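Peer 1: Curious how this folds, go ahead:
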Amino acid sequence: MLLRKRLKKALALILLISFVPTTALATPQPGRFSRVLEGNPAPFDSWCFDDIATAKIQVTAEFADERCRLKIDKEIEKQKARFLLDIENLNLRISSLVQENSNMLAIKNQEIERLEAAALKRPGDYSVWWATGGVFVGALSAIAIMFAVK
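Peer 2: Coordinates of the predicted model:
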C-alpha cells in the first residue's frame, strides 16, 4: 500500500517534469524585421524580414484566403438552410390551403344538395295562384274601367 502511494507520487512528478520543457519549446518566436533606408545597403527604401517573419506573412495571407473561403461557405450554407426552410413553409401552406379549399367545396356541395332536396319536396305547380291572380286583376280592371267610363 505504501509502495503504491510512493509510485503514484513518483509518476505524478515525472509527468509534471516532462511537460515543463514542452511548454518552454512551444512558445512562438517573434519574427524580426527592420527598415532599410535609401543609401544604406540598398539603393531604395525597403524592409528586411527574417525567416520567421516571412513565414508569418505568407501563412497569414494563406489563412486569410482560407478564412474568407470558409466564411463564404458558411454564409452560403446558412442561406441555403434559410431558403429551404422558407420553401418547406410555403409548401406546407399550399397543402393546408388545398385541404381547406377541398373541405369548403365539400361543405358547399353538401349545402347545395340539401337545398335541392328541400326545393324538390315542395310542389312546383303554382298555376292555381296564377289563375286566381289573373281573375282578380281582370275583375279589378273591369270595375276600374266601368267607373272611368261613367
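
Peer 1: Contacts only, for Asn101.
Peer 2: Asn101 makes no contacts at all, as judged by C-beta atoms under 8 Å, 6 or more residues apart in numbering. Just so you know, the C-beta spots here come from the backbone N, C-alpha and C atoms, and that holds for glycine as well.

Peer 1: now it: how far from Ile94?
Peer 2: 10 Å (C-beta to C-beta, to the nearest Å).

Peer 1: And the strands in the protein, which stretches?
Peer 2: Ranges of strands within the chain are 33-36, 46-49, based on DSSP state E.

Peer 1: Near Thr54, how many other residues are there?
Peer 2: 13 (other C-beta atoms under 10 Å).

Peer 1: quick one on the thing from earlier: could you tell me the least trusted of the strands of the chain?
Peer 2: If you rank these by mean pLDDT, strand 33-36 sits at the bottom with a mean of 60.

Peer 1: Tell me where the protein is predicted with low confidence.
Peer 2: Low-confidence regions of the chain, defined here as pLDDT under 70, cover residues 1, 13, 15-47, 123.

Peer 1: Grab the longest helix from it for me.
Peer 2: helix 51-121 (DSSP state H).

Peer 1: State the number of residues packed around Asp51.
Peer 2: 9.

Peer 1: can you check Ala118 too?
Peer 2: As a measure of burial, Ala118 has 9 neighbours, counting by other C-beta under 10 Å.

Peer 1: Likewise for the one 3 residues further on?
Peer 2: Counted with other C-beta under 10 Å, residues neighbouring Lys121 total 7.
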